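Undergrad: fold the following and give me the result.
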Amino acid sequence: MKRLLLPLLLLAAGPASAEELWQGRSAAFFGITFLDTSTEGEMNGVRADEVARLEMVERQAAEAMRAHGMTLLDLAPVEEDLDRIRNPAKCNGCDLRMAETLGADYAVVGEVQKISNLILALNLYVKDVETGRQIRGQAVDIRGNTDESWQRGMRYILERSIFR
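TA: Residues are numbered from 1 along each chain as shown. Have a look, this model is predicted:
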């Protein structure tokens, strides 16, 4: 009987709810970096529709964080450092250092990698500033370079990983 009791108590305690993880917490959201590794990007340069889509999914992520009770901090105090960084998602911990400077609970970074006009990868990660550990995050491949595919990919990450 004692052997069954301990696992049942552990299950009953369970992890904190997703809302407890976010309510009243602050985040340094460093946006989403666009990485164009397609030959199209190399030949034709930046596309206005992709810039607009990047802004669209950044807004989508920011609105979802706020809706779950998070406060997004102003990045102005670290703007000079941020301007020197190409990709805050891959900068050897600079995202955590800047988030700590801002007094944030979490550092949030993302990427969209365009492999071709048909294949793109969307990533979003949340790291705990105190421990440096990633607490939530996911990468998804999306098909099609459209507003709908980008939004659907971000919605999937938010609903299935970040705020599950």
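Undergrad: could you pull out the strands in the protein for me?
TA: Assigned strands in the chain, in chain order: 26-36, 71-72, 106-114, 119-128, 134-143 (criterion: DSSP state E).
Undergrad: show me the residue at the heart of this structure, geometrically.
TA: Geometric centre of the chain, nearest residue: residue 124, 2.8 Å, by Cα atoms, centre = their mean.
Undergrad: report the rounded mean pLDDT for stretch 29-48.
TA: Per-residue pLDDT values over stretch 29-48 give a mean of 91.
Undergrad: send the alpha carbons of it over as PDB?
TA: Provided in PDB are the C-alpha atoms of stretch 29-48 (Å, rounded to 0.1, in the frame of the first residue of the first chain):
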ATOM      1  CA  PHE A  29      11.000  39.300 -25.900                       C
ATOM      2  CA  PHE A  30      13.900  39.800 -28.300                       C
ATOM      3  CA  GLY A  31      11.700  39.300 -31.300                       C
ATOM      4  CA  ILE A  32      12.000  36.800 -34.100                       C
ATOM      5  CA  THR A  33      15.000  36.700 -36.400                       C
ATOM      6  CA  PHE A  34      14.600  36.000 -40.100                       C
ATOM      7  CA  LEU A  35      17.300  33.700 -41.600                       C
ATOM      8  CA  ASP A  36      17.000  33.400 -45.400                       C
ATOM      9  CA  THR A  37      19.100  30.500 -46.500                       C
ATOM     10  CA  SER A  38      17.300  30.100 -49.800                       C
ATOM     11  CA  THR A  39      18.900  30.900 -53.100                       C
ATOM     12  CA  GLU A  40      16.100  33.300 -53.800                       C
ATOM     13  CA  GLY A  41      17.100  35.500 -50.900                       C
ATOM     14  CA  GLU A  42      20.700  35.500 -52.000                       C
ATOM     15  CA  MET A  43      19.700  36.500 -55.500                       C
ATOM     16  CA  ASN A  44      16.900  38.900 -54.800                       C
ATOM     17  CA  GLY A  45      17.400  40.300 -51.300                       C
ATOM     18  CA  VAL A  46      14.800  41.200 -48.700                       C
ATOM     19  CA  ARG A  47      11.100  40.800 -49.600                       C
ATOM     20  CA  ALA A  48       8.600  43.200 -48.200                       C
END
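Undergrad: buried stuff in that stretch?
TA: Of all the residues in stretch 29-48, those buried under the rule 16 or more other Cβ atoms under 10 Å are 29-36, 38, 41, 47. All C-beta spots, glycine's among them, are computed from the backbone N, C-alpha and C.
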